[in-house]
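Enquirer: I'd like to go over a predicted model; first the sequence, then the structure.
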Amino acid sequence: MNEEAKDKIIEYVKQQKKSKLYFNDLCKAVPEIKMMQAKKVVNELISEGKLKYWSSGSTTMYMLPSEGDVAKEEEGMN
Amino acid sequence: MALKHATPMLDELEKGPWPSFVSDVKRLAAKGNLMCEDWLGLMELSFKEKEGHWKHGGIVGVFGYGGGVIGRYCDRPDLFPNVAHFHTMRVNQPASKYYNSDVLRKICDLWDAKGSGLTNMHGSTGDIVLLGTTTDQLEPIFYELTHDLKMDLGGSGSNLRSPEGCLGMSRCEWACINTQDIIYDLTQEFQDALHRPMFPYKFKFKSSGCPMDCVAAIARADCSIIGTWRDDIRIDQEAVKGYVGGEIVPHGGAGGPRKDFDIKAEVIDLCPTKCMAFDGKTLKIENSDCVRCMHCIRVMPRALRPGVDTGATILLGAKAPILEGAQLSSVVIPFIKMESPYTEFKEFVEKLWDYWMENGKNRERLGELIQRQGLRELLKAVELEPDPRMVNTPRYNPYIFYDPEKVPGGWEHDATEYRKRHQA
């Protein structure tokens, strides 16, 4: 069940034009499961490195690891 | 020692009679703190150009965490390389902010060594805010915080924010609930929500031991837990006479010594529901009309005390202004005993979060969702019955929208049938 949900979420994220998505947006990929359950699935995706967080400080969003490379952005800053 | 950047505009902020953060930062810069030096230069540039030079966003925390670090970058690293990264770390404060000086010294030593040395004690959720560090220092700082200081990161982003409580029973005779225990318990219970974001936006718990509400739960918290009582205010009539006779100073002596206390003008006439009377000998309170404003107790603390059947009122939906202005929280549970392990309250919170997650729009606080959908939808979701105490001014506003499911026939009716019984 979780593996199927994980695949659907990743597929959904890949199809979006925006690189950063809210948790609510991710849940649209798996409307058949409750949000609390979806949270566990998303957490697993984060732990596995298939998704990563992005935060403005007040709001948290999710993105693919290939997007927004922090190390690259910080290159040359030091 | 001459500083690297001239700061004529910032210098103006040192000229007032109040303590200046500019002086504090300069003191650190003069000791050779390069981050503080560049920070001063960057601020001066922002003042001069009337434009901010901070970029925010990106990094969220340390490995396994989805909050606790707020990424900050300078958009002129060419001019101010030492503040190219200037991340904030939020550290979850101990319940009621009880520290010993040893811990505070260790935090400062840690931040002097691995951060800018600048701190903010404390943020609005009570966190210790450590201002300014670089990405490569985040993990080492976290290691020391957790292993040596036994402290953890606080909440940020779409997480549960660090729960906060007043001093409660540790110092205050008015505390009706054990705020320290409640806050510690909720922090432990909801660790996952604190560190792994899942909400539409931020969510704050705050707990005050009495309606004085010293942590401003009613103004700031999405869920306020405020101590109250449901029996009668305890009265010591002898002490009342002591206040009236000038033997005891009102307000616990806060206004200095005085002998001119006027119980009618300063207590009886100021009661918001006029539920008090004093005939020169005995003070009487119509407790069923008392709204727990605490004014009389505050003025005559030796004569009046909260009752002994204590618990909490749960209110929901406060927030600071962003959308639609600031909002105070509204009563949803007029009285709950709030005793450890707080099972009833935690079950309520789980239902509440389910409702908010399923129905809240992105970046919509709980209070805004309640405002958009109406209190009725919330009450259905958390399985509570409507109660007049949930209405702000029930005696002035008798208009209640009943749930159509609870009205025979709902809102629909047959106009033709109606006209057969009533002429137009």
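Expert: Cool, got the structure.
Enquirer: Helix or strand with the lowest mean pLDDT in chain A?
Expert: Using mean pLDDT, DSSP states H and E, the weakest-scoring helix or strand in chain A turns out to be helix A:70-74, at a mean of 60.
Enquirer: Equivalent analysis for chain B, please.
Expert: The weakest-scoring helix or strand in chain B, judged by mean pLDDT, DSSP H and E, is strand B:54-56 (a mean of 85).
Enquirer: right, is that strand up against chain A?
Expert: Yes: using Cβ under 8 Å from any Cβ of the partner chain, strand B:54-56 reaches chain A at residue B:56. C-beta: built from backbone N, CA, C; applies to glycine.
Enquirer: and that strand, which strands flank it?
Expert: Using DSSP bridges, strand B:54-56 pairs in its sheet with strand B:72-74 (antiparallel).
Enquirer: Tell me the secondary structure at the residue at minimal distance from the centre of chain A.
Expert: Geometric centre of chain A, nearest residue: residue A:62, 3.4 Å, by Cα atoms, centre = their mean. The local conformation at residue A:62, judged by DSSP: H, G, I helix; E, B strand; the rest coil, is strand.
Enquirer: List the residues that contact it.
Expert: A:13, A:20-23, A:26, A:42, A:46, A:51-54 (Cβ atoms under 8 Å, 6 or more residues apart in numbering or on different chains).
Enquirer: Just those residues: which are in strands?
Expert: A:52-54 (DSSP state E).
Enquirer: Low-confidence regions, the chain specifically.
Expert: I'll assume chain A. In the predicted model, chain A carries pLDDT under 70 at residues A:1, A:68-78.
Enquirer: I was thinking of chain B, sorry if that wasn't clear
Expert: Applying pLDDT under 70 to chain B flags the ranges B:1, B:397-398, B:400.
Enquirer: how does it divide up, domain by domain?
Expert: B:8-147, B:164-227+B:313-406, B:234-305 (automatic domain parsing).
Enquirer: From start to finish, how long is the last one in a straight line?
Expert: In this case it means domain B:234-305. One end of domain B:234-305 sits 5 Å from the other (Cα to Cα, to the nearest Å).
Enquirer: and if you look at the longest one?
Expert: Using Cα to Cα, one end of domain B:164-227+B:313-406 lies 39 Å from the other.
Enquirer: for the first one, same thing?
Expert: Start to finish, the residues bounding domain B:8-147 are 43 Å apart (Cα to Cα).
Enquirer: For the stretch 201-350 of chain B, which residues are neighbours of chain A?
Expert: Counting by Cβ under 8 Å from any Cβ, the residues of the stretch 201-350 of chain B close to chain A are B:201-202.
Enquirer: what residues are up against residue B:186?
Expert: Shown in contact with residue B:186 (Cβ under 8 Å, 6+ apart): B:163, B:205, B:342.
Enquirer: go again using 6 Å as the cut-off
Expert: Residue B:186 makes contact with B:163, B:205, according to Cβ atoms under 6 Å, 6 or more residues apart in numbering or on different chains.
Enquirer: With residue A:60 instead?
Expert: When contacts are counted by Cβ under 6 Å, 6+ apart, residue A:60 touches A:53, B:157-158, B:197.
Enquirer: which of the residues you listed tops the neighbour count?
Expert: Greatest neighbour count in the contacts of residue A:60, by other Cβ atoms under 10 Å in any protein chain shown, goes to residue B:197: 31 neighbours.
Enquirer: Hmm, that residue is touching residue B:156, no?
Expert: No: checked against Cβ atoms under 6 Å, the pair residue B:197 and residue B:156 is beyond contact range at 8.7 Å.
Enquirer: Which of the ones in strands among the contacts of residue A:62 sits closest to chain B?
Expert: Nearest to chain B among those, counting by Cβ to the nearest Cβ, is residue A:53 at 4.2 Å.
Enquirer: Wait, that closest one touches residue B:67, no?
Expert: No: taking contacts as Cβ under 6 Å, residue A:53 lies outside contact range of residue B:67: 8.3 Å.
Enquirer: where do the contact lists of these two overlap?
Expert: residue B:60.
Enquirer: Kindly report the residues of chain A close to chain B.
Expert: For chain A, the residues in contact with chain B (Cβ under 6 Å from any Cβ of the partner chain) are A:22-24, A:35, A:39, A:43, A:53, A:55-57, A:59-60, A:70, A:77.
Enquirer: Using TSV, please lay out the contacts of residue A:62 together with distance to residue B:33.
Expert: Output for the contacts of residue A:62, formatted as TSV (distance: Cβ to Cβ, whole Å):
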residue	distance to residue B:33
A:13	42
A:20	35
A:21	39
A:22	38
A:23	39
A:26	42
A:42	40
A:46	35
A:51	38
A:52	32
A:53	31
A:54	30
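Enquirer: top of those residues by neighbour count?
Expert: In terms of neighbours by other Cβ under 10 Å, these top out with residue A:42 at 26 neighbours.
Enquirer: Next, the contact list for the nearest residue to it once chain neighbours are set aside, please.
Expert: Closest residue in space to residue A:42, ignoring its immediate chain neighbours: residue A:26 at 5.9 Å, by Cβ to Cβ, 6 or more residues apart in numbering or on different chains. Neighbour list for residue A:26: A:9, A:42, A:62 [criterion: Cβ under 6 Å, 6+ apart].
Enquirer: just residue B:13 next, same as before
Expert: Residue B:13 neighbours (Cβ under 6 Å, 6+ apart): B:20, B:22.
Enquirer: how much space between it and chain A?
Expert: Distance, residue B:13 to chain A, by Cβ to the nearest Cβ, to the nearest Å: 25 Å.
Enquirer: what's the distance between that residue and residue B:26?
Expert: Distance of residue B:13 to residue B:26, computed by Cβ to Cβ, to the nearest Å: 11 Å.
Enquirer: now residue B:161
Expert: Distance of residue B:161 to residue B:26, computed by Cβ to Cβ: 32 Å.
Enquirer: So those two - more neighbours on which side?
Expert: Taking neighbours as other Cβ under 10 Å, residue B:161 and residue B:26 compare with residue B:161 leading, 27 against 21.
Enquirer: does the closest residue to the more buried one other than its chain neighbours sit in a helix or strand, and which one?
Expert: Leaving aside its chain neighbours, residue B:161 sits nearest to residue B:155 (4.0 Å; criterion: Cβ to Cβ, 6+ apart). Residue B:155 is part of no helix or strand, with elements assigned from DSSP states H and E.
Enquirer: Please give me every residue in contact with residue B:283.
Expert: B:235, B:240.
Enquirer: what sits opposite it in the beta ladder?
Expert: residue B:278.
Enquirer: Is it correct that residue A:37 falls within a helix?
Expert: Yes: Residue A:37: assigned to a helix according to three-state DSSP.
Enquirer: Tell me how far it lies from residue B:244.
Expert: Separation of residue A:37 from residue B:244 (Cβ to Cβ): 63 Å.
Enquirer: Residue B:95 too?
Expert: Going from residue B:95 to residue B:244 by Cβ to Cβ gives 39 Å.
Enquirer: Check residue B:323 too.
Expert: Separation of residue B:323 from residue B:244 (Cβ to Cβ) stands at 49 Å.
Enquirer: And these two? Which one has more around it.
Expert: Applying other Cβ under 10 Å to residue B:323 and residue B:244 shows that residue B:244 carries more neighbours, namely 21 against 12.
Enquirer: Grab the nearest non-local neighbour of the more buried one.
Expert: Spatial nearest neighbour of residue B:244, excluding adjacent residues (Cβ to Cβ, 6+ apart): residue B:263 at 5.4 Å.
Enquirer: what's the answer for residue B:346, then?
Expert: Residue nearest to residue B:346 in three dimensions, not counting chain neighbours: residue B:189, with 6.2 Å by Cβ to Cβ, 6+ apart.
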